[in-house]
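>>> give me a 3D structure for the following:
(2 chains)
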Protein chains: 2
Amino acid sequence: MARTLSMIENARDDRVRSLLTHLYPHTGQSLIVGITGSPGSGKSTLVDRLARFYKQSAKKVGIIAVDPTSPFSGGALLGDRVRMQALSTDPAIFIRSMATRGRMGGLSESVSDALIVLEAGGYEVLIIETVGVGQDEVDVVRTAQVTAVVLVPGMGDEIQSIKAGIMEIGDVFVINKADRPDTSRTEQELRSALSLATRPDGWDPPIVKTVATLGDGTGELTEALTAYHQFSVKDGLPRERKLELCRQRLVEMVRDNVAERILSQIPSADFESYAEKLANRETDPYTLVDLLLEQSGLGKKLR
Amino acid sequence: MARTLSMIENARDDRVRSLLTHLYPHTGQSLIVGITGSPGSGKSTLVDRLARFYKQSAKKVGIIAVDPTSPFSGGALLGDRVRMQALSTDPAIFIRSMATRGRMGGLSESVSDALIVLEAGGYEVLIIETVGVGQDEVDVVRTAQVTAVVLVPGMGDEIQSIKAGIMEIGDVFVINKADRPDTSRTEQELRSALSLATRPDGWDPPIVKTVATLGDGTGELTEALTAYHQFSVKDGLPRERKLELCRQRLVEMVRDNVAERILSQIPSADFESYAEKLANRETDPYTLVDLLLEQSGLGKKLR
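From the prediction side, this is the model:
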């Protein structure tokens, strides 16, 4: 599994495309859960608890932990190696840390491909873990069937400022570290923030309190996740929303695929000289891209 | 200015490309500041203070506030309308809220284009405001010359978990709401987290304490931002890092440009039927993208 995922992350040649095409029919049955929350919300511990809980029902569980990329090193910023080592001894829980490298392909695209590999590999529950509330998180959330937003007590300010936002992203809300004194105040603030918005699907997101370090509330959380999943399967995602997701997926894939194929036709010495010209401000980026497309033989075709 | 920015956000036709090409030579002189921090860190208030401070030296100031996009409505999640109304009465401070819409173009690309328009329009100081520490933030940070990370007292956990990350992103650190009791503990934790990492450029990021609601510390913050800017201009960005930024910019632009041009050649009824096939799981996405490229006349060319 790890080798296949690495292959997919590192190259998108015909072999990879054909592999994904063959795996695709074997997908569509797994439960895909998104967990998002700020650094420090304890969401990694919560994800571990969830994974172990699902595993009790003899399910193969996969975790995809999405890390922001360092602007300097290009590596993952938040990769929690200690945790990964702890879980990696359990063969029924597969964990993979993913980061966008900036070079090729969007993050949501890489996650979608990894989900196909894991689903086809028999993983019945897949958990995607992301940090914070950025565009990336929103894109990744789009690939999950049910999403939980993790908060901690004392985040009243945060709730204030993301009122509309978290309401739309979260199907379930978790107040983790719920043994802290200001839990009930945070719950109250969250409830009143949630009451201000209405979701297009009519779902009323529940609030679950957990203490992930002790394992408290894990069962309730899985029940809440299942409840929303059953609700959404029964009523079906609104057709228009599902179509919109598919449109975006196609656009994203065209972006990735075409750029990769075009750039592979530019000798790297030439690409380097384009980058040099831009770095020296000799030529503006718009003209350089036109030159680049021209050289790839697609300039005229694409006018 | 607002009309030009809207034009650029809504279409990337030849007219827009030619406009940006003509504006580009008039850029490269403005100070571009990135401000990033979690929701609730008071970073919007801080950005307002900064903008008013810079304006005192008779400078035209532009603010680009980056909002995550709602997965449901496609609109901006966190747009702070109240604030925008307050500032928009001041003609010397231009504020623009931007969100990625998912359809076309990456966020960093849109921000880069908007910066060119504002710089050419005579804005000497440009402030980019982003939320949280996601991939997007990292990408946007790449376009700023100096970046401040805003924290609030009592975020010890957060500092723990993003140790390596914030060190690499922040050229300056701000502890906002520094009239709170646990300010000095947070400062201590931050300092020890910073001491663990070394930056490739040898810069030692200062910590500035502010109370944005009262305007305390705004002067010190601008001094710290200027100090880093002078440091980086004097020593120059390491050549390799600058080249890497240019490479990424070119790849990103190829992605956006080509996808847009290809998709514009697909009749929307056909595109819609591809999306339908994907929504119904009739065809896998990889095959659909191949069909799409084939139809655009580029399939063979790109093999």
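>>> C-alpha only now, for contacts and for neighbours.
Noted.
>>> the host helix or strand of residue A:272 and chain B in contact?
Applying DSSP states H and E as the criterion places residue A:272 in helix A:268-279. Yes - using Cα under 8 Å from any Cα of the partner chain, helix A:268-279 reaches chain B at A:272, A:275, A:276, A:278, A:279.
>>> same question for stretch A:5-18.
Yes - interface with chain B: stretch A:5-18 contributes residue A:17 (Cα under 8 Å from any Cα).
>>> and stretch A:40-58, which residues are buried?
Residues of stretch A:40-58 classed as buried: A:40-55 (neighbour count, 16 or more other Cα atoms under 10 Å in any protein chain shown).
>>> from the chain's centre, how far out does it sit?
17 Å (Cα atoms, centre = their mean, to the nearest Å).
>>> coming back round to it: what does the helix or strand following the helix holding residue A:272 contact?
Once helix A:268-279 ends, the next helix or strand along the chain (criterion: DSSP H and E) is helix A:285-295. Applying Cα atoms under 8 Å, 6 or more residues apart in numbering or on different chains, the contact partners of helix A:285-295 are A:262, A:266, A:271, A:274, A:278, A:299-300, B:17, B:20-21, B:250, B:253-254.
>>> give me the mean pLDDT for helix A:285-295.
On average, the pLDDT along helix A:285-295 is 88.
>>> which parts of that helix are buried?
By neighbour count on 16+ other Cα under 10 Å, the buried set for helix A:285-295 is A:285, A:286, A:288, A:289, A:290, A:292, A:293.
>>> between those, which sits nearest residue B:35?
Closest approach to residue B:35 among the buried residues of helix A:285-295 (Cα to Cα): residue A:285, at 25.0 Å.
>>> and the gap between that closest one and residue A:266?
For residue A:285, the distance to residue A:266 equals 16 Å [Cα to Cα, to the nearest Å].
>>> show me which helix runs longest in chain A.
helix A:239-263 (DSSP state H).
>>> which element, helix or strand, includes residue A:221?
Going by DSSP H and E, residue A:221 is part of helix A:218-235.
>>> buried by neighbour count: which residues of that helix qualify?
For helix A:218-235, burial by neighbour count (16+ other Cα under 10 Å) applies to A:218, A:219, A:221, A:224, A:225, A:227, A:228, A:229, A:232.
>>> closest to chain B out of the residues you listed?
The closest of the buried residues of helix A:218-235 to chain B turns out to be residue A:232 (Cα to the nearest Cα; 14.5 Å).
>>> tally of neighbours for residue A:247?
Other residues near residue A:247 come to 22 when the count uses other Cα atoms under 10 Å in any protein chain shown.
>>> nearest residue to it in space, please, no chain neighbours.
In this structure, residue A:247 finds its nearest non-sequential neighbour in residue B:275, 5.4 Å apart by Cα to Cα, 6 or more residues apart in numbering or on different chains.
>>> any idea how far the one you found is from residue A:18?
20 Å.
>>> kindly report the same for residue A:263.
Distance of residue A:263 to residue A:18, given as Cα to Cα: 21 Å.
>>> please name the nearest non-neighbouring residue to residue A:179.
Distances taken as Cα to Cα, 6+ apart place residue A:211 nearest to residue A:179, at 6.7 Å, with adjacent residues excluded.
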